[in-house]
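Peer 1: no sequence for this one, just the structure:
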């Protein structure tokens, strides 16, 4: 497979109410062909939809935030109203008029489908549309563009059930086609060249078409569900949530073996303390004698139980008993 990508330049500043399809078709150097993919930056979509404000940027971030994933000083990584986990909820103040901020559409796939329908009808070809935005990666420096919306494109190429060149079975290999296209498009468009559209040509023809345009084949399929997210909180934030009394929005639900894992993490010194789970939500910590070491160990185990329970989403009651019959 050989790909060709080129930016569509000369579009100029996009304003509220702009017809993006007309802007694209009016600046193409050559007509679109069946199988082409048009990548559209989210920034021009936000401008055309009027998703702009002169209000305080932090206030806009607050309004677009569903829950905070991690916070370090003024930097916030949050889950936004589009379901994306991004710095500052994806609110952007670059490449827009000074003093204004843009936010992302709350249903990027719906926006992509609308553009896709218009483009197919007016250009008379079978194409796909990808909405792109810039995002960081938790374990890597720098940013890359990702697909936040898509229509008419096979967004994931699942290779599960196939074999590699050595005959080894592939179980979880799923290239994120839409993200890879968005990243490649950003390379040719750049950040300051005012090229809000990029045409990508050369993908397998069966990856592009109306059979990839229904709501359940958009870029939202690339998002992990809350219960599949192994990194739903930052490291420090997870500890703070585990230690706090407040509930965390979207905190993972308890798994079937959660109570066993909680008990294993508490790891009491069995010679001093006995831990018994009376049911799925209650644990009794009983000291075996009245020694200071036993009482200290009971306190240690209780706090470890509470923190572990919070981390595993278990609503746990810890009952402490001493040999004198005292408890709390």
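Peer 2: Nice, thanks for sending it over. These numbers come from a predicted model, not from an experiment.

Peer 1: CA only for contacts and neighbour counts going forward, please
Peer 2: Noted.

Peer 1: buried residues, stretch 106-113. List them.
Peer 2: Applying a neighbour-count criterion of 16 or more other CA atoms under 10 Å, the buried positions in stretch 106-113 are 108, 109, 110, 111, 112, 113.

Peer 1: residue contacts, the second one?
Peer 2: So that's residue 109. 148, 149, 150, 151, 215, 218, 219, 220 (CA atoms under 8 Å, 6 or more residues apart in numbering).

Peer 1: in strands, which of the residues you listed fall?
Peer 2: 148, 149, 150, 151 (DSSP state E).

Peer 1: out of these, which are buried?
Peer 2: Looking at the ones in strands among the contacts of residue 109 with 16+ other CA under 10 Å, the buried ones turn out to be 148, 149, 150, 151.

Peer 1: show me the contacts for the closest residue to the last one other than its chain neighbours.
Peer 2: Yep, that's residue 151 we're talking about. With CA to CA, 6 or more residues apart in numbering as the measure, residue 213 is the residue that lies nearest to residue 151, at 4.6 Å, once sequence neighbours are left out. Taking CA under 8 Å, 6+ apart as the criterion, residue 213 is in contact with 113, 150, 151, 152, 153.

Peer 1: for residue 308, see how far away residue 213 is.
Peer 2: Relative to residue 308, residue 213 is positioned 44 Å away (CA to CA, to the nearest Å).

Peer 1: ok, now residue 71?
Peer 2: Relative to residue 308, residue 71 is positioned 22 Å away (CA to CA).

Peer 1: repeat for residue 44
Peer 2: Look at residue 44 and residue 308: by CA to CA, they are 46 Å apart.

Peer 1: pLDDT value on residue 120, please?
Peer 2: With respect to pLDDT, residue 120 has a value of 96.

Peer 1: ramachandran angles for it?
Peer 2: Backbone geometry at residue 120, expressed as degrees, to the nearest 10, gives phi -60, psi -40.

Peer 1: check contacts around it.
Peer 2: Residues 126, 127 are the ones in contact with residue 120 under the rule CA under 8 Å, 6+ apart.

Peer 1: buried stuff in stretch 114-122?
Peer 2: Neighbour counts over stretch 114-122 (16+ other CA under 10 Å) mark 115, 116, 117, 119, 120 as buried.

Peer 1: now for these, which pair is the farthest apart?
Peer 2: Spatial extent of the buried residues of stretch 114-122 (CA to CA) is set by the pair 115 and 120 at 8.6 Å.

Peer 1: for the ones in strands among the contacts of residue 109, give me a markdown table that also has pLDDT.
Peer 2: A markdown table is the format used below for the ones in strands among the contacts of residue 109 (pLDDT from 0 to 100):
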| residue | pLDDT |
| --- | --- |
| 148 | 98 |
| 149 | 98 |
| 150 | 98 |
| 151 | 97 |
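
Peer 1: adding distance to residue 135, write the residues you listed out as TSV.
Peer 2: Compiled in TSV, the ones in strands among the contacts of residue 109 are given as follows (distance: CA to CA, whole Å):
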residue	distance to residue 135
148	10
149	14
150	16
151	20
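
Peer 1: which one of these is nearest to residue 303?
Peer 2: Out of these, the one with the shortest distance to residue 303 is residue 148. That distance is 41.5 Å, counting by CA to CA.

Peer 1: please parse this structure into its domains.
Peer 2: Under the assignment automatic domain parsing, the domains of the chain span 4-228, 254-321.
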